[in-house]
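# Build me a model:
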Amino acid sequence: MNGKILLLVVVVASAAAQRRPYAYRAPESSEESYESTEAKYNFNWAVSDDSSSNEFGHQEARDGDDTQGSYYVQLPDGRLQTVKYFVDGDSGYVAEVSYEGEARYPDSYESFESFESREYRPPRPVYG
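Residues are numbered from 1 along each chain as shown. Got it, this is the predicted structure:
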């Protein structure tokens, strides 16, 4: 029995010794060249929720290195904030911020109650 085990160990060791180690090779270069395509897109989206008087949106267009756009949001104080921007090569992101309307603040908690209720209510489920 010991002889068979010894023979098995010798055969396994011999097979393992003859196996070549794995060698990593760098991928071979290809003669194909791929032309890079310049980025080009245009998108626009907006949200207007009448129940909360919440309005916001974003627009952006890009053609190669030329990127420009704007976004806006209805602030809690009643003003509309608009940011117009463009990307200027090495200078990066350049923005111009403007506001429309006049800020409104309640005088006290009681006057705040007179404002339209902005209490959060989860949406009702719709099954269909």
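# what about residue 72, helix or strand, and which?
Following DSSP states H and E, one finds residue 72 within strand 66-74.
# next structured bit after that strand?
Counting by DSSP H and E, the element after strand 66-74 in chain order, helix or strand, is strand 80-88.
# pLDDT of that next one, averaged?
The predicted model gives strand 80-88 an average pLDDT of 92.
# what's the angle from the strand holding residue 72 to strand 80-88?
170 degrees (axes from the mean of the first three to the mean of the last three CA atoms, to 10 degrees).
# And the helices in the chain, which stretches?
Using DSSP state H, the helices of the chain run over 2-18, 109-114.
# ok now stretch 75-93, how far from the chain's centre?
Distance, stretch centre to chain centre, for stretch 75-93: 18 Å (CA atoms, centre = their mean, to the nearest Å).
# just the CA coordinates of it, formatted as PDB?
The C-alpha trace of stretch 75-93 is given here as PDB (Å, rounded to 0.1, in the frame of the first residue of the first chain):
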ATOM      1  CA  LEU A  75     -36.600  79.500  -4.300                       C
ATOM      2  CA  PRO A  76     -38.500  79.200  -1.100                       C
ATOM      3  CA  ASP A  77     -38.600  83.000  -0.700                       C
ATOM      4  CA  GLY A  78     -40.600  83.300  -4.000                       C
ATOM      5  CA  ARG A  79     -37.800  84.400  -6.300                       C
ATOM      6  CA  LEU A  80     -36.700  82.500  -9.500                       C
ATOM      7  CA  GLN A  81     -33.000  81.900  -9.600                       C
ATOM      8  CA  THR A  82     -31.500  81.400 -13.100                       C
ATOM      9  CA  VAL A  83     -27.900  80.300 -13.800                       C
ATOM     10  CA  LYS A  84     -26.600  80.700 -17.300                       C
ATOM     11  CA  TYR A  85     -23.200  79.100 -18.000                       C
ATOM     12  CA  PHE A  86     -20.600  78.200 -20.600                       C
ATOM     13  CA  VAL A  87     -17.400  76.300 -20.500                       C
ATOM     14  CA  ASP A  88     -14.400  78.300 -21.700                       C
ATOM     15  CA  GLY A  89     -11.500  75.900 -22.500                       C
ATOM     16  CA  ASP A  90      -8.800  76.400 -19.900                       C
ATOM     17  CA  SER A  91     -10.900  78.900 -17.800                       C
ATOM     18  CA  GLY A  92     -13.500  76.200 -17.100                       C
ATOM     19  CA  TYR A  93     -17.000  76.800 -15.900                       C
END
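# Kind regards, and thank you for your time.
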